[in-house]
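J.: need coordinates for the below:
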Amino acid sequence: MQYSEEQVRRAKSTDLVSFLQSQGEKLVKSGKEYRWMAHDSLTVRGNCWFRHSRGTGGGPIDFVMEFYGLTFPEAMKKLTGEEGEERRVAKDAPKQGIPAPSPDFRLPRRNRDEKKILEYLTKTRGIQEDLVKVFIGNGDIYEDEKHHNIVFVGKDRSGIPRYAHIRGTEEEKFRGDVAGSLKEYSFCYRGNSDQLYVFEAPIDLLSFIQLFPKDWEQRSYLSLGGTSDRALTAFLSDSPNITSVFLCLDNDKAGEEACEKIAGKEVPCERIIRLKPVLKDWNEIICHQEEMRGRNPVADTVVLKAPEKEEIVPMIYYQDVEATCVEWLWFPYIPFGKLTIIQGNPGEGKTYFAMKLTAACTNRKYLPNMEAIEPFNVIYQTAEDGKGDTIKPRLIECEADLSRVMVIDDTEIPLTLMDDRIERAIRQNKVRLLIIDPVQAFIGADVDMNRANEVRPVFRKLGNVAEQTGCAIVLIGHLNKACGTQSTYRGLGSIDIMAAVRSLLFIGKVKKDPTTRVLIHEKSSLAPPGETLAFKLGDEEGFRWIGGYDINADDLLNGKEGKPTETKLERGTRLMEEMLKEGKEIPLKDIQEKAAAMNISSRTMRDVRNRMGERLVYGKGTGRENTVRLKAD
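T.: Numbers count the residues shown, from 1 in each chain. Presented below is the predicted three-dimensional model:
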C-alpha cells in the first residue's frame, strides 16, 4: 500500500481535538490545551499531543497507532477516510509517496505504566533507570498491555514504526518479533556523529551505553535482532554520514562469524572495528560489575577494515589482510601504534601531564584507571624548556625513572617530524612512547601548517612510524586565539592535523579556580571517549588527580564554568574516617569489602591510605590479619 505525500500531509494536519470528540472521547479544557480523560496525563492542542507522565508526544499518525493499536494503513484510513494505492513493484517504477509498513504489522497495545519492564530492566538486567526512561520517553521502549512484556520498537528515519521485538519479563525467557516486522528497521538510536555501534540485542545496546556514557547521545546505536546484517545494510544506506562502524557483537562463535561476514562484504564505510566484550556480552559485564570492577570491559579492539591510503597504487585484498588488535597505553585515551594529540593554551598543564605520563610508563606511577604495564623506554623530545633546569627537575618531581627517559640529540641538525632519525631511535632503543613538545616546533621550516596539502604527508609518515613500530606517539600542541570557535578548530594549523590523530585530548584551566586543570577526551576513533578528568596543579600540595569534572571542551576553552563530580578518592577518604572513628581498629579487608560495595577500587583505597599518610597506624588483629586505626591526637 502506498500513500501520496499529500495524503500524509493531510493526515498529519488533523485536528486531534475534533478527531477525539468525533470518536466520543471526553475532553476537558485546560488553558489552551485539552486533557483527554481516558489518559489524564495526556493533553492535545491542534494536531499535537503530549503525554506528561512519560515526556512523549507527537502528531496524529503516531497518536492513532499508539493509542488505538492500529497499523499505519489503518491509522491513515481512520484519519483521512481514504485508502492508499497499491504499491508499484516494477523495477523501473519511480518511487512515489511513503510506503506503508507490512499490512500485518501492528504494535501491541501499550500499558498505562511501565512498572513491570522497569523492574526487569533495572533490577534483573542492571540497566540504569534514567537511561531506560530516555528510551521510554522516545517511544522506543514500552510495556505491552496484555502480557506486560518489553516492546522494543524499530522506526525508519521518518519516525514511522516498522519493527517491534518482544522480550518477556517473567522467568520463562520468551522473545520474538511482532508479526509483519521488517528486520531492516530494527531497534536503534540515531545520533549525529559519524560513528555507529552495532549489537545483537537491544539489552546489550543499552548496557554498552551505560558502560561508555560520555556523549553517547551524539553517536548511533543499532541492534541487529540477531546476527543478520540486514538492519546494518539498511541503516548505512539511510545514513551516509557514518564512516566508522564498531561491531560489538557477542564474544562467541556466532558473534565472531557474523563480524567476519560483515567485514568481508562491501560495507559503505571507511572503517570497521571489532570491539569484543571481555565476557560473553555487554549485559553480562553489567550483571557482574562486582567481579569486573577495575577491569577493561573491552577484551580486544580489532581493526577489520581501515581507510585506503590515497597515494599507494598497488592494491591489497582484504581477504589477505590479517586482523590486528589495538593495544592501549591508557584505555581509551592513548593507544599504542597511533597518533594522539594533547591541545591546550600555554602554561595550562600539558607538559606537566606529559611528565606524569612518562612516570607512569617508566616507574609505574599510574594515571587514573590505567592498567598495570611493565616499564619501558620513553623519548621526551622538547624544544621549549631546558633539559637540565626544567625537564629533568620536573621528571624527578613526577618520580619518573630517568634511566628510561631519553631525547634525540639534534644539536647539530634540528629534528623535524619527517626526520628518519625518529623511526631509527624508536627501534634502536625499544621505545614505546614518544612525546613531542610542542608539535609546532618540529613541523619543519619548509612546511606551512595552515596548508592541508603540506601538513597531510608529514602526519601520514608519522602515523606510519607509529603503526610500524607499535609506539604511542603523543603530540603536544598549542591553541590559537580564536575564542568562540569550536574546540577542534582551536589548534594551530590545518584541521588535517586533527583528522590525522586517532585520539584528541584537551587540557585547560578552570576559570573559577586556575589551580584546577581539566583533561577532556574530545576525539576517539578507536573506542568510546573516556570520562573527563581533573587534576590540581600550582597550589602548595602540588600535582594530584581529583576525579571527574562536568564540562565540555568548547565551554572550557571559552572560559565557562563547569563543576566537579564526586570523586572516588573523596568517598574513600570519608569511608576510612567513618569506619575508624572513635579509635576503632578495623581489618583492612573489611574496609576494602565496604569500599568495593561502593564501587571504589582497591587502587583508589591505596591512594586514600597514601594521602592519609601518618594519620594511620597499621597493626595485626587476633587472627593475624592486617588492621588499621587512626593515630590518636
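J.: surely residue 505 is in contact with residue 341?
T.: Yes. Using Cβ atoms under 8 Å, residue 505 is in contact with residue 341, at 7.2 Å. For every residue, glycine as well, the C-beta is placed using N, CA and C.
J.: find the nearest non-adjacent residue to residue 36, please.
T.: residue 42 (4.8 Å; Cβ to Cβ, 6 or more residues apart in numbering).
J.: what's the closest non-adjacent residue to residue 601?
T.: In this structure, residue 601 finds its nearest non-sequential neighbour in residue 294, 4.5 Å apart by Cβ to Cβ, 6+ apart.
J.: per-residue pLDDT of the one you found, please?
T.: pLDDT, residue 294: 77.
J.: with the one 5 residues further on instead?
T.: In this prediction, residue 299 carries a pLDDT score of 91.
J.: what helix or strand is it on?
T.: Per DSSP states H and E, residue 299 falls inside strand 298-305.
J.: ditto for residue 341
T.: In the assignment (DSSP H and E), residue 341 maps to strand 339-344.
J.: show me the contacts for residue 251.
T.: Contact analysis of residue 251 by Cβ atoms under 8 Å, 6 or more residues apart in numbering lists 276, 277, 278, 279, 280, 281, 299.
J.: what about the residue nearest to residue 601, how many residues close to it?
T.: 14 (other Cβ atoms under 10 Å).
J.: hmm, it is touching residue 605, no?
T.: No. Judged on Cβ under 8 Å, residue 294 makes no contact with residue 605 at a distance of 11.2 Å.
J.: which neighbours do those two share?
T.: Counting by Cβ under 8 Å, 6+ apart, nothing touches both residue 294 and residue 605.
J.: could you point out the longest helix of this protein?
T.: Across the chain, the longest stretch assigned as helix under DSSP state H is helix 452-469.
J.: residue boundaries of the strands in the stretch 501-633 of the chain?
T.: Under the criterion DSSP state E, counting those that start in this stretch, strands of the stretch 501-633 of the chain are mapped to 503-509, 516-524, 533-536, 544-550, 563-564, 586-587, 616-620, 626-630.
J.: and the fifth one, how far out from the chain middle?
T.: Taking Cα atoms, centre = their mean, to the nearest Å, one finds strand 563-564 lying 20 Å from the centre of the chain it belongs to.
J.: partner strands of it, with direction?
T.: Sheet partners assigned to strand 563-564 using DSSP bridges are listed as strand 544-550 (antiparallel).
J.: likewise the third one?
T.: Here strand 533-536 is paired, per DSSP bridges, with strand 516-524 (antiparallel), strand 544-550 (antiparallel).
J.: can you redo those strands as JSON lines with mean neighbour count?
T.: What follows is these, written out as JSON lines (neighbours: other Cβ atoms under 10 Å):
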{"stretch": "strand 516-524", "mean neighbour count": "23"}
{"stretch": "strand 544-550", "mean neighbour count": "16"}
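J.: so which of those strands gets nearest residue 16?
T.: Between residue 16 and these, the tightest spacing by Cβ to Cβ is seen for strand 544-550, at 39.4 Å.
J.: then that closest one to PDB, C-alphas only?
T.: C-alpha atoms of strand 544-550 as PDB (Å, rounded to 0.1, in the frame of the first residue of the first chain):
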ATOM      1  CA  ARG A 544      47.300  15.400  42.200                       C
ATOM      2  CA  TRP A 545      44.300  13.900  40.500                       C
ATOM      3  CA  ILE A 546      40.900  15.000  41.900                       C
ATOM      4  CA  GLY A 547      38.400  13.000  39.900                       C
ATOM      5  CA  GLY A 548      35.800  13.700  37.300                       C
ATOM      6  CA  TYR A 549      34.600  17.100  36.100                       C
ATOM      7  CA  ASP A 550      31.400  18.100  34.200                       C
END
